[in-house]
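**Student:** From the sequence below, what's the structure:
(one chain, ligands or ions: 2)
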Amino acid sequence: MKNGRLVALVLILSSPAAMAQSPLDLLTAGDLADGERLFRIHCARCHGIDGAGGEGSNLARPALQYVNDDEQLIAIIDDGIPGTGMPAIWSLDDTQTTRVAGYVRTLGRLEAEEMPGDPGRGRRVYQDIGGCPACHIIAGHGIGIGPELTTVGDQRGLDYLRSSLVAPAEAQSQTAGYKDYLTVRVRTLEDRVEGLRINEDAFSIQVRDVAGSVHSFRKDDLIEFEKVFAHSLMPEYGASLSGQDLDDVVSYLMSLRSER
Ligand code: HEC
Ligand code: HEC
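**Tutor:** Ligands and ions are numbered 1, 2, ... in the order given. You can find the predicted model right below:
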């Protein structure tokens with residue numbers, strides 16, 4: 001099936017007349033409506049019902065990070081983006097993939113979603129009130145126990161960012177890419193450490209504590225060893241930040257995008 005499409009694509013590309021025309025340009029309004037329906041089934045749980053993003057990137061903006069043309073858009077749906085939370089969507093056949101791609105392309109022509117607050121103020125909340133640089137790096141500044149946030153606005157949408165701040169453990173457990181953020185608690189005769197598991201094999205485990213120091217243990221030396229699932233080392237900010245502060249920080253995070 002997939003190979004068949006590849007051959008067809010090569011044929012289309014080698015015919016000069018068809019070269020300028022993308023299969024997306026041939027879609028009818030009915031095809032696009034079907035694309036929207038398929039988007040809701042296969043994509044909305046990550047990209048939001050209107051494509052404005054959640055666990056997956058905001059697709060309702062004029063320039064996407066990985067997509068320069070229609071062909072790349074189709075390839076991403078077919079193959080996913082290796083090394084990220086974007087999976088290959090195998091359950092769509094070629095016609096359906098083209099329709100979904102066509103629908104996604106219409107999203108980018110809508111206005112970029114509005115920010116709920118003031119990103120400039122949010123930057124100060126991030127640095128001063130929130131103490132976020134103690135755990136996150138943005139453009140080289142901060143300490144890196146949490147994920148780097150330099151381009152988080154490309155990858156995550158408004159609702160996901162807000163829930164990352166208010167209910168981090170819940171947001172984290174929804175995110176395929178962060179299965180690696182496992183909290184562990186270990187105790188030896190001399191030491192007791194809670195932190196993120198960095199590495200583990202049959203004999204040893206390495207843990208990064210909240211201050212950023214890495215500890216290495218031999219499993220034989222452990223008196224206690226607990227894996228704490230669905231737990232985040234990140235504080236919940238719902239109470240410590242005001243509603244305005246939260247809106248502003250989320251806006252600041254949304255503004256963190258790669259230059260394009
Ligand atoms: C399991 C969650 C998940 C599903 C399901 C999913 N995506 Fe994604 N998608 C992601 C994530 C996460 C990213 C961001 C990858 C990154 O930048 O690290 C992404 C990225 C993308 C991008 C690239 C955006 C850019 O800025 O270049 C496109 C396009 C895309 N997805 C389209 C789709 C379509 C269309 C579907 C449904 C057919 C879909 N995705 C289903 C999680 C998902
Ligand atoms: C004590 C360390 C710590 C502090 C302080 C902290 N975080 Fe986090 N943060 C983490 C960790 C660890 C994760 C990884 C996911 C998880 O474990 O919840 C994370 C995840 C996130 C995510 C999700 C990123 C993604 O791509 O999924 C966002 C957004 C975020 N933090 C923003 C903030 C902001 C904004 C602040 C300050 C208001 C902050 N964090 C303060 C440790 C911290």
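**Student:** Can you tell me the closest non-neighbouring residue to residue 159?
**Tutor:** Excluding its sequence neighbours, the residue lying closest to residue 159 (Cβ to Cβ, 6 or more residues apart in numbering) is residue 54, at 5.4 Å. Every C-beta, even on glycine, is put in place using the N, C-alpha and C of the backbone.
**Student:** Kindly indicate whether that neighbour is helix, strand or coil.
**Tutor:** Following DSSP: H, G, I helix; E, B strand; the rest coil, residue 54 is assigned to coil.
**Student:** ok now do it, which residues does it touch?
**Tutor:** Contact partners of residue 54, counting by Cβ atoms under 8 Å, 6 or more residues apart in numbering, are 45, 46, 47, 48, 156, 157, 159, 160.
**Student:** roughly how far apart are it and ligand 2?
**Tutor:** From residue 54 over to ligand 2 the distance is 11 Å, taken as Cβ to the nearest ligand atom, to the nearest Å.
**Student:** Residue 32 too?
**Tutor:** Counting by Cβ to the nearest ligand atom - residue 32 and ligand 2 are separated by 31 Å.
**Student:** hang on, isn't that residue packed against residue 106?
**Tutor:** Yes - counting by Cβ atoms under 8 Å, residue 106 is a contact partner of residue 32 at 6.5 Å.
**Student:** out of the contacts of residue 54, which are inside helices?
**Tutor:** If you go by DSSP state H, the contacts of residue 54 have 45, 46, 47, 159, 160 in helices.
**Student:** May I ask you to confirm that residue 124 belongs to a helix?
**Tutor:** Yes - under three-state DSSP, residue 124 falls within a helix.
**Student:** and the nearest residue to residue 47 once chain neighbours are set aside, what pLDDT?
**Tutor:** Residue nearest to residue 47 in three dimensions, not counting chain neighbours: residue 56, with 4.2 Å by Cβ to Cβ, 6+ apart. Per-residue pLDDT puts residue 56 at 93.
**Student:** count of residues packed around residue 56?
**Tutor:** The tally of other residues near residue 56 (other Cβ atoms under 10 Å) stands at 23.
**Student:** Also residue 117?
**Tutor:** The burial count for residue 117: 19, using other Cβ under 10 Å.
**Student:** residues in contact with the residue nearest to residue 31 when sequence neighbours are not counted?
**Tutor:** Leaving aside its chain neighbours, residue 31 sits nearest to residue 99 (5.0 Å; criterion: Cβ to Cβ, 6+ apart). By Cβ under 8 Å, 6+ apart, residue 99 lies in contact with 27, 31, 32, 34, 35, 38.
**Student:** Are any of those buried, and if so which?
**Tutor:** 27, 31, 32, 34, 35, 38 (16 or more other Cβ atoms under 10 Å).
**Student:** Show me which residues of the stretch 101-250 of the chain are close to ligand 2?
**Tutor:** When proximity is defined as Cβ under 6 Å from any ligand atom, the stretch 101-250 of the chain approaches ligand 2 at 126, 130-132, 134-136, 145-147, 152, 155-156, 161, 164-165, 168, 172, 175, 178, 181, 210, 232-235, 237, 249.
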